[in-house]
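>>> Next input, structure requested:
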Amino acid sequence: MTREEKSQVIEDLTAQLADSANIYLADISGLNADTTSKLRRACFKANVKLAVVKNTLLAKAMESSEKDFGELPEVLKGNTSIMLSETGNAPAKVIKEFRKKSEKPLLKGAFIEEAIYIGDDQLDALVDIKSREELIGEIVGLLQSPAKNVISALKSGGSTIAGLVKTLQEREG
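Numbering: from 1, shown residues only. Sure thing, here's the model as predicted:
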């Protein structure tokens, strides 16, 4: 690889890092071609971009990025693959599901909207992170619940204030 090619790869990686709020680093070494193909397919279905990267080039891209990756560059040893996703927990879910049948990929570290996670022991914490859509869904559900109670109380209470209060008191008691 020439110096110009390396510079281009670093530039491309820097742009990818800048465009991604959720970056996972994983070790997929030792996977055979068939298993790697299955992993790539699982990533594609989950809208996760997977690419094998050279540690030195990724480290330089991290240095030139405006983001603070903290301790994350320290995990750049051995085989490294980068997983990029719009959804914070999507790569973690892919890894966890894939590990039901295989020992790898191993999570080396992750950068999730400025929070840094180091080590494979963080996988469950990352899986449990809720996406923005999941949070919005929960908030909407919580907001709708009291309104539904009031509407149903109005219907069963005969549409009077006294009936509404009586119905709501019965539900609490």
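>>> How about Leu31, nearest residue that isn't a chain neighbour?
In this structure, Leu31 finds its nearest non-sequential neighbour in Lys104, 5.8 Å apart by Cβ to Cβ, 6 or more residues apart in numbering. No exception for glycine: its C-beta is placed from N, CA and C like everyone else's.
>>> surely that neighbour meets Ser29?
Yes: using Cβ atoms under 8 Å, Lys104 is in contact with Ser29, at 7.2 Å.
>>> how does this structure divide into domains?
1-128, 129-172 (the TED database).
>>> mean pLDDT for these: which is lowest?
If these are sorted by mean pLDDT, domain 129-172 sits at the bottom with a mean of 70.
>>> Deepest-packed of the domains of the chain, please.
Mean neighbour count, computed with mean count of other Cβ atoms under 10 Å, is highest for domain 1-128 among the domains of the chain, reaching a mean of 17.
>>> Please compute how far that domain lies from its chain's middle.
Mean C-alpha position of domain 1-128 versus that of the full chain (Cα atoms, centre = their mean, to the nearest Å) differs by 11 Å.
>>> now do the same end-to-end measure for that domain.
40 Å (Cα to Cα, to the nearest Å).
>>> ditto for stretch 109-127
13 Å.
>>> Residues touching that stretch, excluding its own?
Stretch 109-127 is contacted by residues 21-25, 67-72, 74-75, 88-89, 91-93, 95-96, 106-108, 129 when judged by Cβ atoms under 8 Å, 6 or more residues apart in numbering.
>>> Repeat that for stretch 57-76.
With Cβ under 8 Å, 6+ apart, stretch 57-76 has contacts from 6, 9-10, 13-14, 16-18, 25, 55-56, 80, 82, 108-109, 111, 114, 116, 118.
>>> The same query, at a cut-off of 6 Å, please.
For stretch 57-76, the surrounding residues in contact (Cβ atoms under 6 Å, 6 or more residues apart in numbering) are Val9, Ile10, Leu13, Thr14, Leu17, Leu25, Asn55, Lys108, Gly109, Phe111, Ile116, Ile118.
>>> export those to TSV and tack on distance to Pro146 and secondary structure?
As requested, the contacts of stretch 57-76 are exported to TSV (distance: Cβ to Cβ, whole Å; DSSP: H, G, I helix; E, B strand; the rest coil):
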residue	distance to Pro146	secondary structure
Val9	54	helix
Ile10	53	helix
Leu13	48	helix
Thr14	48	helix
Leu17	43	helix
Leu25	43	strand
Asn55	52	helix
Lys108	44	strand
Gly109	41	strand
Phe111	38	strand
Ile116	38	strand
Ile118	41	strand
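>>> Alright, that wraps it up for me.
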